[in-house]
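Peer 1: got a sequence here, can you model it:
(3 chains)
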Amino acid sequence: MSEEVKKYLYIVTHGVESPERSASPFFLATTAALMDHESSMVFTITATSLLKKGVAETLRIKSSGESSTLQFFIDQAREAGVKLYVCAPSLDLNDCTVDDLIAIDGVVGGTALNEMAAEADVVISF
Amino acid sequence: MSEEVKKYLYIVTHGVESPERSASPFFLATTAALMDHESSMVFTITATSLLKKGVAETLRIKSSGESSTLQFFIDQAREAGVKLYVCAPSLDLNDCTVDDLIAIDGVVGGTALNEMAAEADVVISF
Amino acid sequence: MSEEVKKYLYIVTHGVESPERSASPFFLATTAALMDHESSMVFTITATSLLKKGVAETLRIKSSGESSTLQFFIDQAREAGVKLYVCAPSLDLNDCTVDDLIAIDGVVGGTALNEMAAEADVVISF
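Peer 2: Residues are numbered from 1 along each chain as shown, chains lettered A, B, ... in the order given. Okay, the predicted model is just below:
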């Protein structure tokens, strides 16, 4: 392939309080990964609540006239190779530890998050 | 002009549920276009609701002590040459088709949105 | 130091209506400044409300099991050298003048904000 591999970073800042906002970043991250780009998502502020075990299966997002669960979008992202990271301070903010979350690729502190953003070719916040 | 023409991309993610958030991205996009930059806005998640016919005329935003309608900001953006795009999945999420929207410059899928962000010199999410 | 100094710009768009969102951008901006990067924050839309005198001392954010006030995070940012700017139109939107705000480094119009974003190596919206 002649296409250049780019690094996409999606910073997700909204959580279970606004289910209608939850699917789009997964959808875009999946799309980037399927185009063979490096695609990562970092969850911060309340967004970490989306990754708590048992949440995604019950969070419904309207899609194509029907509704899908967030789990559908997470599964797609995982199958496409999207990496999921959680910002460390958001664990306390969301009253959880990493053991309360679905499988993720790592917990990042502020410095690591800043560096991921600096190294990415594209950063999109949601 | 010796100034370099840059590509500005504004990703708008909030809609009619928060009118006070609606004017700023149009204002900044207009400002960029007036400085002869390429200025585009993509509407996703609930932001697409801002472009439904009949909405902008009635959505009021406080400005300079008085209130302006969103239509004022959209008109300014249009006159300055700002391009307006809608993210395809947001049509379903906002219960509308492109026919329900004011005139836009195109509907973009996930891949196109990712590529627009990669090609932009500046990406700002709202 | 062999590390390259980068310019980080944090665009803050949410204010006192969502206290739980207020600390993270200060935290990340502080972290960037402590790593000897140039770190600036611009407050726009409702975020300018966070800088009104008397607000940060009473706005509580959960942190490490306890709660801290936003003032704690602002003080950390200031000590680390983070610059604070306010987007001009947000003053009207938040019913205030610059005199109602804590000490900041400047008020920026749309063109200046766009240029700050263009000159930054990293732009993250919150």
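Peer 1: burial count for the residue lying closest to A:Glu119 once chain neighbours are set aside?
Peer 2: In this structure, A:Glu119 finds its nearest non-sequential neighbour in A:Lys7, 6.3 Å apart by CB to CB, 6 or more residues apart in numbering or on different chains. (Glycine included, C-beta is placed from N, CA and C.) Under the neighbour criterion other CB atoms under 10 Å in any protein chain shown, A:Lys7 is assigned a count of 16.
Peer 1: who's in contact with A:Lys7?
Peer 2: By CB atoms under 8 Å, 6 or more residues apart in numbering or on different chains, the residues touching A:Lys7 are A:His37, A:Glu38, A:Ser40, A:Glu119, A:Ala120, A:Asp121, A:Val122.
Peer 1: and the contacts of stretch A:49-61?
Peer 2: So stretch A:49-61 is contacted by A:12, A:15-17, A:19-20, A:22-23, A:43, A:67-71, A:73-74, A:84, A:86, A:94, A:96, A:100-102, A:104, B:93 (CB under 8 Å, 6+ apart).
Peer 1: just the buried ones from the residues you listed?
Peer 2: With burial judged by 16 or more other CB atoms under 10 Å in any protein chain shown, the buried subset of those is A:12, A:15-16, A:19-20, A:22-23, A:43, A:69-70, A:73-74, A:84, A:86, A:94, A:96, A:100-101, B:93.
Peer 1: among the residues you listed, name the ones in strands.
Peer 2: Taking DSSP state E as the definition of strands, the buried ones among the contacts of stretch A:49-61 contribute A:Val12, A:Phe43, A:Thr69, A:Leu84, A:Val86.
Peer 1: measure the second one to A:Val12 for me?
Peer 2: Read it as A:Phe43. Distance of A:Phe43 to A:Val12, given as CB to CB, to the nearest Å: 5 Å.
Peer 1: burial measure for A:Pro89, as a count.
Peer 2: Number of residues near A:Pro89 (other CB under 10 Å) recorded here: 22.
Peer 1: before we move on, back to that, dump the ones in strands among the buried ones among the contacts of stretch A:49-61 into CSV; add distance to chain B as well.
Peer 2: Shown next, in CSV, are these (distance: CB to the nearest CB, whole Å):
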residue, distance to chain B
A:Val12, 11
A:Phe43, 15
A:Thr69, 15
A:Leu84, 18
A:Val86, 20
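Peer 1: least confident pick among these?
Peer 2: The member of those with the lowest pLDDT is A:Thr69, at 94.
Peer 1: show me the contacts for that residue.
Peer 2: A:Ala56, A:Glu57, A:Thr58, A:Leu59, A:Arg60, A:Ile61.
Peer 1: output the lowest mean pLDDT helix or strand found in chain A.
Peer 2: Every helix and strand of chain A was ranked by mean pLDDT, DSSP states H and E. The lowest is strand A:60-63, at a mean of 78.
Peer 1: neighbouring strands of that strand in the sheet, and parallel or not?
Peer 2: strand A:66-69 (antiparallel) (DSSP bridges).
Peer 1: quick one: the partner strand to chain centroid distance?
Peer 2: Chain-centre distance of strand A:66-69: 18 Å, with CA atoms, centre = their mean, to the nearest Å.
Peer 1: do stretch A:29-40 as well
Peer 2: Centroid displacement of stretch A:29-40 relative to its chain, using CA atoms, centre = their mean, is 12 Å.
Peer 1: and it, how far apart are its ends?
Peer 2: 7 Å (CA to CA, to the nearest Å).
Peer 1: which of the contacts of A:Lys7 sits closest to chain C?
Peer 2: Here the nearest of the contacts of A:Lys7 to chain C, counting by CB to the nearest CB, is A:Ala120; it sits at 8.4 Å.
Peer 1: rewinding a little: and the residue nearest to A:Glu119, how far from chain C?
Peer 2: For A:Lys7, the distance to chain C equals 13 Å [CB to the nearest CB, to the nearest Å].
Peer 1: so what pLDDT did A:Ala33 get?
Peer 2: pLDDT at A:Ala33 comes out at 98.
Peer 1: list the contacts of A:Glu20.
Peer 2: Per CB under 8 Å, 6+ apart, neighbours of A:Glu20: A:Ile61, A:Lys62, B:Ile45, B:Thr46, B:Leu93.
Peer 1: the third one is in contact with B:His14, isn't it?
Peer 2: Just to be clear, that refers to B:Ile45. Yes: with contact defined as CB atoms under 8 Å, B:Ile45 reaches B:His14; the gap is 7.4 Å.
Peer 1: send the alpha carbons of stretch A:56-66 over as CSV?
Peer 2: Extracted C-alpha coordinates of stretch A:56-66, given in CSV (Å, rounded to 0.1, in the frame of the first residue of the first chain):
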residue,chain,number,x,y,z
ALA,A,56,-22.0,-1.1,27.4
GLU,A,57,-24.5,-4.0,27.0
THR,A,58,-27.3,-1.8,28.3
LEU,A,59,-26.4,1.5,26.8
ARG,A,60,-28.5,2.0,23.7
ILE,A,61,-27.6,4.3,20.8
LYS,A,62,-29.9,4.9,17.9
SER,A,63,-28.4,3.7,14.6
SER,A,64,-29.9,3.3,11.2
GLY,A,65,-33.4,3.7,12.5
GLU,A,66,-32.9,0.9,15.0
